[in-house]
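A.B. asks: Please work out how this folds:
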Amino acid sequence: MDMINFMFFDSTIILIIPALLLSMYAQHKVKSTFDRYSRIASKSGMTGVQVAEKLLYASGVMDVKVEHTKGQLTDHYDPRDKTVRLSDAVYNVRSLAALGVAAHEVGHAVQHNEDYGPLAMRSGLFPVVNIGSRFAPWIIMIGLVIGYTAQWGMTLLNIGIVLFSFTVLFQLVTLPVEFNASSRAIALLTQEGILSNEEAAPAKKVLDAAALTYVAAAIASVMSLIRLILISRRR
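C.D. replies: Reported below is the predicted structural model:
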């Protein structure tokens, strides 16, 4: 929604400025925290891929594979083909940061295996959100422009707002999914003896920093939605 936010610069822009600043801080925080604990190797000597495979087995999840994916912090769990994908900085790396991220993605795989409610809800929303994220900005932009002269422009604006609201809901539902995956990750790492309590603390800091990016994104989306609703009513 950045295109909308900056094309229509008015008094309501104040609603999203704090959220944008928080997003910038969150991005800096996750990068600096990950970089810091990427320099500290775990005492277990295990790599990210080894930890992921061990935790999947320990959790009784036997139908999920672990693969390497290119990029920096592009780690994710794909429920469509049941695959944990670990990035260059995690897959063959023995650092506390890498093990924390690997365990986090396993947390998502365990959620999927257990039919964790918020994850199922997020997956159900994805098709609608995928369509909405493509078309909502354009519909809203056209509605805002035409709304000055034609009533149907306001109808377009309201349709765009409804579509965007699904994106906001998706990001809100993402929060418990991410927090729960991180909680599972730290618990598994310590229960399986991969990290000591002292080592788990830095790994948790990495995951907490990553979670902040989701919080910032959710706040930014909520503020953008409120802003669009205020503009719609004012028109």
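A.B. asks: All the strands of this protein, in order from the start?
C.D. replies: Ranges of strands in the chain, per DSSP state E, are 65-68, 76-78, 83-86.
A.B. asks: Redo those as TSV? Include mean neighbour count and mean pLDDT.
C.D. replies: From N, CA and C alone the C-beta is placed, and that goes for glycine too. Listed next are the strands of the chain as TSV, based on neighbours: other Cβ atoms under 10 Å; pLDDT from 0 to 100:
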stretch	mean neighbour count	mean pLDDT
strand 65-68	15	97
strand 76-78	18	96
strand 83-86	22	98
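A.B. asks: Which one, of those strands, ends up nearest to L228?
C.D. replies: strand 76-78 (29.3 Å; Cβ to Cβ).
A.B. asks: Next one, pLDDT for the closest residue in space to A203 that isn't next to it in sequence please.
C.D. replies: Nearest residue to A203, sequence neighbours excluded (Cβ to Cβ, 6 or more residues apart in numbering): G100, at 3.3 Å. What the model reports for G100 is a pLDDT of 98.
A.B. asks: and G100, what does it touch?
C.D. replies: Neighbouring residues of G100 by Cβ atoms under 8 Å, 6 or more residues apart in numbering: 37, 185-186, 189, 202-204, 206-207.
A.B. asks: related to what we said a few turns ago, mind checking which of the strands of the chain is nearest N180?
C.D. replies: Judged by Cβ to Cβ, the one of these that comes nearest to N180 is strand 76-78, at 12.8 Å.
A.B. asks: what comes up buried for stretch 44-58?
C.D. replies: 44, 46-56 (16 or more other Cβ atoms under 10 Å).
A.B. asks: which among the residues you listed gets closest to S11?
C.D. replies: Once Cβ to Cβ is applied, the member of the buried residues of stretch 44-58 that ends up nearest S11 is G48, at 47.6 Å.
A.B. asks: Does that closest one touch L96 like I think?
C.D. replies: No: using Cβ atoms under 8 Å, G48 is not in contact with L96; the gap is 10.9 Å.
A.B. asks: returning to what we had before: the contacts of G100 into TSV, with extra columns for neighbour count?
C.D. replies: Below are these laid out as TSV (neighbours: other Cβ atoms under 10 Å):
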residue	neighbour count
Y37	22
A185	28
I186	21
L189	28
P202	19
A203	29
K204	18
V206	26
L207	25
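A.B. asks: Closest one of those residues to W138?
C.D. replies: L207 (35.7 Å).
A.B. asks: quick one: that closest one and A187 touch, right?
C.D. replies: No: in this structure L207 lies outside contact range of A187 using Cβ under 8 Å: 11.8 Å.
A.B. asks: Mutual contacts of the two, please.
C.D. replies: Counting by Cβ under 8 Å, 6+ apart, nothing touches both L207 and A187.
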